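1. return a 3D structure for these sequence lines:
(4 chains)
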2 protein chains.
Amino acid sequence: MTSDAPASPDTLDQSRLTRLLGFRITRTELRIRRLFLECMARFELKPVDYSLLVLVDANPGVNQRQLAEILDVSPPNLAIVVARLMKRGLLRQVRGQQDRRMQHLHLTAAGKELLDETELAVREMEARLLEQLGPTHGEALLAALARLEHLA
Amino acid sequence: MTSDAPASPDTLDQSRLTRLLGFRITRTELRIRRLFLECMARFELKPVDYSLLVLVDANPGVNQRQLAEILDVSPPNLAIVVARLMKRGLLRQVRGQQDRRMQHLHLTAAGKELLDETELAVREMEARLLEQLGPTHGEALLAALARLEHLA
DNA sequence: TATTGTTATACTCTATAACTATA
DNA sequence: TATAGTTATAGAGTATAACAATA
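-> Residues are numbered from 1 along each chain as shown, chains lettered A, B, ... in the order given. This is a model prediction of the structure:
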């Protein structure tokens, strides 16, 4: 090799990266994250906002420590998310009666309403992903991800 | 419902989230990213550093615009990564001779050496993931991710 | 003494505008 | 006029330490 130009002028050899599961998953995750951001833009909900609202809806009275653990967000950062959603009137904190340290979270009527409005968009996005995958690969992907939940 | 305590004291209902491909992929991606960070900690290489070095090794003389596109990093942010790796003596910029606007990148001897040192760790991590998946799910996951490359 | 949540703060990552030098 | 790369800067995301209130 004498020149300082790349071997292929336009196409790059990415094979050593695309072989790696980590690289592939990171790329796909980014693409899906952007898709979700678009889908939720009109509701002004980021992924973490949406996830939190869903969890509170499914588990009324859940406390912030539990949410922080599941969502993999530190308690200080979760407090920021909670404050943001409270300010929008979507979320309500209720001091624990037995244990007054806890803040039990509930959706407000507005929060429940907004969450309901998002449902169609979320289902459409999910359908779009499953359509892209086809029925076989859809199941396979979920099964594979389930196995990776138990990483040391 | 009268109490403000959650339905289940310890276990939360996450089913509405875990059904969603996006949520599952995000969680898995984060877990794998952390694993990779641990694997590369002793080399002081972040994912983007590693990816860039691999691409430059496989495509000597590649320019920064091409790298920015593939790595999904904006040109200003790529310049920061490049500067960091140059400061460590792992990377070398060569001004284009036909087109003097371009910076063609090459690994230095030290860069090539460090990259070679990482190879075992990277292969071990990949093997660990594939072992966790099992041969069937490993292939299936890669096939599914390939299909998601072509998202609108 | 340990736990829940908060405040403050720092660090990283990401995104954008404006600039240079070249074409 | 358009492109490659850089600088500067702002914003979002993430991490940690210290604190208040409660157990």
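2. leaving out sequence neighbours, find the closest residue to residue A:24.
-> Spatial nearest neighbour of residue A:24, excluding adjacent residues (Cβ to Cβ, 6 or more residues apart in numbering or on different chains): residue B:145 at 4.6 Å. Bear in mind the C-beta positions are built from the backbone N, C-alpha and C, glycine included.
3. mind checking what secondary structure residue A:61 has?
-> coil (DSSP: H, G, I helix; E, B strand; the rest coil).
4. what number of residues are in the vicinity of it?
-> 17 (other Cβ atoms under 10 Å in any protein chain shown).
5. what of residue A:134?
-> Residue A:134: 12 neighbours (other Cβ under 10 Å).
6. how about the helix ranked longest in chain A: buried residues?
-> Taking DSSP state H as the criterion, chain A has its longest helix at helix A:109-148. Judged by neighbour count (16 or more other Cβ atoms under 10 Å in any protein chain shown), helix A:109-148 contains these buried residues: A:111, A:114-115, A:118, A:121-122, A:125-126, A:129-130, A:132-133, A:137-138, A:140-142, A:144-145, A:147-148.
7. straight-line length of stretch A:87-106, end to end?
-> 14 Å (Cα to Cα, to the nearest Å).
8. which residues does that stretch contact?
-> A:52-53, A:56, A:60-65, A:67, A:82, A:85-86, A:107-108, A:110-111, A:114, B:4-6 (Cβ atoms under 8 Å, 6 or more residues apart in numbering or on different chains).
9. sorry, back to before: and the longest helix of chain A, what does it pack onto?
-> helix A:21-41, helix A:47-58, helix B:21-41, helix B:109-148 (3 or more Cβ pairs under 8 Å, 6 or more residues apart in numbering or on different chains; DSSP states H and E).
10. so which of those helices comes closest to DNA strand D?
-> helix A:47-58 (6.4 Å; Cβ to the nearest atom of the strand).
11. the closest one and chain B, are they touching?
-> Yes - using Cβ under 8 Å from any Cβ of the partner chain, helix A:47-58 reaches chain B at A:47, A:51, A:54-55, A:57-58.
12. which bits of chain A sit near DNA strand C?
-> Contact residues, chain A versus DNA strand C (Cβ under 7 Å from any atom of the strand): A:63-66, A:68, A:75-76, A:78-80, A:82-83, A:93, A:99, A:101-104.
13. now do stretch A:120-132, average pLDDT.
-> When pLDDT is averaged along stretch A:120-132, the result is 97.
14. just to revisit the earlier point, touching, the residue nearest to residue A:24 and residue A:26? I think so.
-> No - counting by Cβ atoms under 8 Å, residue B:145 does not reach residue A:26; the two are 10.2 Å apart.
15. just give me the residue right at the centre of chain A.
-> residue A:47 (4.3 Å; Cα atoms, centre = their mean).
16. residues touching that residue, list them.
-> Taking Cβ under 8 Å, 6+ apart, one finds A:33, A:36-37, A:40, B:22-23, B:26 in contact with residue A:47.
17. now these: which count as buried?
-> Buried residues within the contacts of residue A:47, counting neighbours by 16+ other Cβ under 10 Å: A:33, A:36, A:40, B:22-23, B:26.
18. show me which of these is closest to DNA strand C.
-> Looking across these and measuring by Cβ to the nearest atom of the strand, the closest to DNA strand C is residue A:33, at 9.4 Å.
19. and the closest one, how far from residue A:64?
-> Distance, residue A:33 to residue A:64, using Cβ to Cβ, to the nearest Å: 24 Å.
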